[in-house]
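Undergrad: dropping a prediction and its sequence here:
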Amino acid sequence: MTADVHTMVGAYVLDAVTDLERAAVDRHLRDCEACRTEVDELRETTARLADGAWSVPPPRLRDNVLSAITTTRQTAPISPAAPSPVPAPGRSRLRLVSAAAAVVLAASGAATAVYVIQDQRVRTEQANVAAARADEALTRAVLGSPDLVLREDDVTGGGRVTVASSELQNAGVIMLAAASTPAGDKVYQLWTITPAGATSQGALPPGQTAAMKLVRGLPQSTGVGVTVEPPGGSPQPTSPLSAEVPLI
């Protein structure tokens, strides 16, 4: 899948592509389930936007508007004593056409806004995927590095935390495997420790007992800690630590 075809999905849903581009996207959709799902979601989104922006006009709306044109004043009086000017039918119709054109431009602007939002969403998803792949590649590099050092400690209540560190990769991996969830609906939280203090490396979701966390720059830390915290984690570690792995 090329980035060009992927980023045309939004325009494809809005029918804002050429025949050649439409054929390229159609061909791509036959082989890409992710893009087919995205097309379905975008079509649902645009349909919902249209539901709130369009309704069928009453049958007599056109006749009523044309009738009102000849009796509705289009400009303000010149002075209080001056008679109201008689509107010119041609000018009134021109203003009606201008209003209709404004409606069309507004609808076009809404479609453009939808495309911009969806295109930004695609770019964000692509960035997230690229970041996840970079993390995966670095994790493999750390675990396969010739200078890999493994350190570990037991977790209070059962289980173990293992820290894999590589000076060459300037990164490390924290692997937690606790035997059970903390009591009282609390969660495990990972920390890196330096002389300046502790930095959170993330709290586990409630009920989760295992995690693997890549930490760039881990060799500069003096240790890794595991604590039990309220759901969502804490800004600072709660004593005592459930596990602590010295790195020096």
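TA: Looks like it arrived, so ask away.

Undergrad: now residue 32: how far from residue 22?
TA: Counting by C-beta to C-beta, to the nearest Å, the separation of residue 32 from residue 22 is 15 Å. Yep, even glycine has a C-beta here, placed from its N, CA and C like the rest.

Undergrad: ah, wrong one, I meant residue 191
TA: Using C-beta to C-beta, we find residue 191 at a distance of 53 Å from residue 22.

Undergrad: who's more crowded, the two?
TA: The neighbour comparison of residue 191 against residue 22 (other C-beta atoms under 10 Å) goes to residue 191, with 24 against 15.

Undergrad: right, and that one touches residue 202 too?
TA: No: assessed by C-beta atoms under 8 Å, residue 191 is found out of contact with residue 202, at 9.4 Å.

Undergrad: domain assignment for this structure?
TA: Here the domain parsing of the chain from automatic domain parsing is 3-141, 149-246.

Undergrad: lowest-confidence stretch among those domains?
TA: When those are ranked by mean pLDDT, domain 3-141 comes last with a mean of 67.

Undergrad: which parts of the protein are helices?
TA: Applying DSSP state H to the chain gives helices spanning 3-7, 9-13, 19-29, 33-51, 61-69, 89-143.

Undergrad: for residue 156, which non-adjacent residue is closest in space?
TA: residue 242 (4.3 Å; C-beta to C-beta, 6 or more residues apart in numbering).

Undergrad: what count of nearby residues applies to that neighbour?
TA: If we define neighbours as other C-beta under 10 Å, then residue 242 has 22 of them.

Undergrad: now do the one 3 residues further on
TA: The burial count assigned to residue 245 is 21, neighbours taken as other C-beta under 10 Å.

Undergrad: residue contacts, it?
TA: 151, 152, 153, 161, 162, 163, 223, 224, 225 (C-beta atoms under 8 Å, 6 or more residues apart in numbering).

Undergrad: repeat that for residue 21.
TA: Per C-beta under 8 Å, 6+ apart, neighbours of residue 21: 8, 11, 12.

Undergrad: all good on my end, thank you.
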